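Enquirer: Need a 3D model of the following:
(one chain, ligands or ions: 1)
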Amino acid sequence: MVTVPRDINADANPLRQLSLEQLRRRTSMKWRTYPDDVLPLWVAEMDVPLAEPIARAIVAAVELGDTGYPVGTAYAEALAEFARARWGWDGFAVERTAIVPDVMLGVVEMLKLVSGPGDPVVVNCPVYPPFYQFIESMGRPVVEAPLDPGGRIDFAELDAAFVRALAGGSRPAYLLCSPHNPTGTVHTAAELAEVARLARARGVRVVADEIHAPIVAEGATFVPYLTVPGAESGLSLMSASKAWNLAGLKAALAIAGPAAAGDLARMPEVVSHGPSHVGIIAHTAALRDGGDWLDALLAALDDNRRLLAKLLGEHLPAVRYEPAEATYLAWLDCGALDLGDDPAAVFLRRGRVALNSGPDFGTGGAGFVRMNLATSPELITEAVHRMTAAVTR
Ligand SMILES: Cc1ncc(COP(=O)(O)O)c(C=O)c1O
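Expert: Alright, predicted model coming up:
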């Protein structure tokens, strides 16, 4: 008989449930890439136990031996309900969705539908490093459209990038990151409508990676790309994986705007063989029953952003940090510390704290580090102390 390991109180801070000793027993990338004397605040895994409704759904599947192949639209229906409740999205069409193995493989499939080999793909740098890796592995060049200094889309840069992309191939695409990783920018409805207008005017297809959508700070409102005027031919990727820490339980959803339904229908049926049935059960439970847990997480992340700003102000005032409106990531400008292009290498070597290296995020990343705030206040405090020691010795 399998039992749910812990009964997590939905009101409790999910980021304070596990001790460092428990976390070090984990075997995932975050905890096993570096030796034990390194404090890992890098890759986007969260230091949380599984939300109890998700654990129950997985345990129920295991008890039943319900570990076969997936079928049906339960995941999309759960997302439709979540999208209505959280974002006021009434027009979410379950019939215009497809289950894909994960968000990045979904991005690859969507780009295959709207662009051809060799067609450029525009991204807003600095951006999630796998955007470069996946696009290039598909034989498509990346065209960078840098964000403005405030981390917002620079429409002159975007238009210039569209023009360059059109010069390089007949069916270019734009991979939008919304909310944006690593800056945590939440694009406004007006900005997204301008994206749609510009893309239409230039004949560029938009694929939106909206994996961080549920993780917004107090007062911020996420706007789904497919809800803005002019985005009818857009494609979106969503998943419960970031907000409920389900990266190891593979599943995501591709969603087509009304004018992209025909494109999505051309996605090879075999792509739907990739997601895990148990993964889909977990993601569905997260979206359907994990709202209270998510709210507790969001409150804890608000606290962690405030804590980081306070700690940096006290100990590393030369580091520039603007608490983000979304994601659990902090994008830190360490340029004034004079640690070179890759301060994360210095923090790792001298401070034994693992952060992400800014230069991996493309143009605009030099001098920056990305810190993962989905951990306890105690470990954030320890990380800042280690960073401080690394630059004051
Ligand atoms: C913007 C963005 N897209 C995709 C992913 C990865 O998602 P998946 O594991 O579903 O491919 C991440 C992970 O951090 C991300 O930040």
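
Enquirer: where does whatever residue of the stretch 251-393 of the chain ends up closest to the ligand sit relative to L176, distance-wise?
Expert: Nearest to the ligand, among the residues of the stretch 251-393 of the chain, is A252, at 5.1 Å (C-beta to the nearest ligand atom). For glycine as for every other residue, the C-beta is placed from the backbone atoms N, C-alpha and C. Per C-beta to C-beta, to the nearest Å, A252 is found 16 Å from L176.

Enquirer: Compare the two (neighbour count), which wins?
Expert: A252 (28 against 25; other C-beta atoms under 10 Å).

Enquirer: and that one, what are its bridge partners?
Expert: Using DSSP bridges, the bridge partners assigned to A252 are V100.

Enquirer: Please apply the same query to V143.
Expert: Note on V143: beta-bridge partners V122, judged by DSSP bridges.

Enquirer: what's the pLDDT at it?
Expert: Turning to V143, the model gives it a pLDDT of 98.

Enquirer: how about the helices in the stretch 1-150 of the chain?
Expert: Ranges of helices in the stretch 1-150 of the chain, per DSSP state H, counting those that start in this stretch, are 20-24, 29-32, 52-64, 74-87, 103-114, 130-137.

Enquirer: of these, which approaches E218 most closely?
Expert: When the helices of the stretch 1-150 of the chain are compared by C-beta to C-beta, helix 74-87 sits nearest E218, at 14.0 Å.

Enquirer: one step back: and the helices of the stretch 1-150 of the chain as CSV, adding mean neighbour count?
Expert: Listed next are those as CSV, based on neighbours: other C-beta atoms under 10 Å:
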stretch, mean neighbour count
helix 20-24, 12
helix 29-32, 16
helix 52-64, 18
helix 74-87, 20
helix 103-114, 22
helix 130-137, 16
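
Enquirer: out of these, nearest to L41?
Expert: helix 29-32 (8.7 Å).

Enquirer: quick one: the closest one near the ligand?
Expert: No. Helix 29-32 stays clear of the ligand (C-beta under 6 Å from any ligand atom), getting no nearer than 10.9 Å.

Enquirer: Verify the stated contact: A165 with D159.
Expert: No. Counting by C-beta atoms under 8 Å, A165 does not reach D159; the two are 10.6 Å apart.

Enquirer: So which of those two has more stuff around it?
Expert: Taking other C-beta under 10 Å, A165 and D159 do not tie; A165 has more neighbours (25 against 16).

Enquirer: so how far is stretch 283-302 off the chain centroid?
Expert: 15 Å (C-alpha atoms, centre = their mean, to the nearest Å).

Enquirer: burial count for V71?
Expert: Using other C-beta under 10 Å, the number of residues around V71 comes to 10.

Enquirer: That one and the ligand: what is the separation?
Expert: 21 Å (C-beta to the nearest ligand atom, to the nearest Å).

Enquirer: Roughly how far does that residue sit from E144?
Expert: V71 sits 41 Å away from E144, taking C-beta to C-beta as the criterion.

Enquirer: Equivalent analysis for S233, please.
Expert: 23 Å.

Enquirer: And for T227?
Expert: 27 Å.

Enquirer: ditto for V163
Expert: Distance, V163 to E144, by C-beta to C-beta: 13 Å.

Enquirer: Which of those two has more residues huddled nearby?
Expert: E144 (18 against 14).

Enquirer: Find the nearest non-adjacent residue to that one, please.
Expert: C125 (4.5 Å; C-beta to C-beta, 6 or more residues apart in numbering).

Enquirer: check contacts around the one you found.
Expert: E144, A145, P146, L147, F361, G362, T363, G364, G365 (C-beta atoms under 8 Å, 6 or more residues apart in numbering).

Enquirer: can you check A374 too?
Expert: Contact analysis of A374 by C-beta under 8 Å, 6+ apart lists L15, A44, E45, M46, D47, V48, N245, L301, N304, Y328.

Enquirer: same thing with C177?
Expert: Contacts of C177 by C-beta under 8 Å, 6+ apart are V123, N124, V127, Y128, F131, A208, D209.

Enquirer: Give me the distance between the residue lying closest to the fifth one once chain neighbours are set aside and I380.
Expert: What sits nearest to F131 in space, not counting adjacent residues and going by C-beta to C-beta, 6+ apart, is V123, at 5.1 Å. Taking C-beta to C-beta as the measure, V123 and I380 are separated by 29 Å.

Enquirer: How about L329?
Expert: 13 Å.

Enquirer: what does L105 give?
Expert: From L105 over to I380 (counting by C-beta to C-beta), the distance is 32 Å.
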